[in-house]
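S.K.: build me a structure from this.
(2 chains)
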Amino acid sequence: MESVGSIVMYGIIVAAIIIFSILAVTTRRILRSATYLLFTLFATAGLYFKLDYEFLGAVQIAVYAGGIVVLVVFAILLTTKPGDASAQLTSRRRLFGGIAALATLAAVGYAVLSRPGFWCTVCKPFDMQLTMNNLGEVLLGTEKFGYLLPFEAVSVLLLACIIGGVVIARKR
Amino acid sequence: MFCCGVYGFITRKNLIAILISLELMLNAVDINFVVFNRFLYPGQMEGMMFTLFAIAIAAAETGLAIAIIVNLFRWARNIDIRDLNKMKL
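M.R.: Sure thing, here's the model as predicted:
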């Protein structure tokens, strides 16, 4: 069983994720929304570090917090005048969104809680050695649990995205 | 968090706000993959691999979406989805 401090730490991280994600979708100013998104992504990276997935946390910070948020902020600054808040949402739209969100929460919560033996799962000690060496072998392996084919597919997808982005954003 | 993303996706009218909501949803799915992998199946790496590929695909998708948004803004001077009924020039 984990120590009390560890559980408190999980609680803090999860609370930060939830609060910042709620703020990100409810704030009126779009730049603040992007900032709250950044905080959410950092809290997620903290959660990965806490779960002993150091590589995943580093990737999360580098790709999301370093790349995507910067892209989003650039796009915001390019497309909006500073200081204008978005218009007040109509209550009908808000109600519709709230209903959809609650329905999703109910469906997912039911699916998770109805799984037999979900709560009595014993947290087994983390016995697998998760080194970079191991990770690279799995990522580029061609045997049973290797991921070479999806890796190549992702690289082709990234190439296609680069070309597509250049073609779309090119001045006519 | 995923529900926040759903709420924002439906209620916001700015394209970039919709993109931010989309990021929130993707991130929530990533967290689920990692946590289930860690607590239900420790010793396997499938959830972690899925999360890695999901992060890569999310980065690609965001770059492309922002290219489209900027181009659309250059054409319409506006990224409010009420005013954008067609994407053809």
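S.K.: give the burial count for the closest residue to chain B within chain A, as a bare number.
M.R.: Chain B sits closest to residue A:25 of chain A, with a gap of 3.2 Å, by CB to the nearest CB. Glycine gets a C-beta too; all of them are placed from N, C-alpha and C. If you count neighbours by other CB atoms under 10 Å in any protein chain shown, residue A:25 ends up with 26.
S.K.: quickly find the element holding it.
M.R.: Using DSSP states H and E, the element containing residue A:25 is helix A:4-26.
S.K.: now do the buried residues in that helix.
M.R.: For helix A:4-26, burial by neighbour count (16 or more other CB atoms under 10 Å in any protein chain shown) applies to A:13, A:16-17, A:20-26.
S.K.: can you redo those residues as TSV with pLDDT?
M.R.: Below are the buried residues of helix A:4-26 laid out as TSV (pLDDT from 0 to 100):
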residue	pLDDT
A:13	84
A:16	84
A:17	82
A:20	83
A:21	80
A:22	79
A:23	81
A:24	78
A:25	77
A:26	77
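S.K.: what helix or strand does the residue nearest the centre of chain A sit in?
M.R.: For chain A, residue A:41 is the residue whose C-alpha lies nearest the centre (CA atoms, centre = their mean; 6.0 Å). Under the criterion of DSSP H and E, residue A:41 resides in helix A:30-50.
S.K.: so how far is that helix from its chain's centroid?
M.R.: Relative to its parent chain, helix A:30-50 has a centroid offset of 8 Å by CA atoms, centre = their mean, to the nearest Å.
S.K.: dump the buried residues of helix A:4-26 to CSV, plus distance to residue B:55.
M.R.: As requested, the buried residues of helix A:4-26 are exported to CSV (distance: CB to CB, whole Å):
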residue, distance to residue B:55
A:13, 18
A:16, 20
A:17, 16
A:20, 19
A:21, 17
A:22, 23
A:23, 23
A:24, 18
A:25, 21
A:26, 26
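S.K.: let me know the pLDDT of residue B:76.
M.R.: If you check residue B:76, the pLDDT there is 68.
S.K.: which stretches of the chain form helices?
M.R.: All of this refers to chain A. For chain A, helices defined by DSSP state H occupy the ranges A:4-26, A:30-50, A:54-59, A:69-79, A:91-113, A:132-139, A:148-169.
S.K.: that's the wrong chain, I meant chain B
M.R.: Counting by DSSP H, the helices of chain B are B:2-11, B:15-39, B:46-76.
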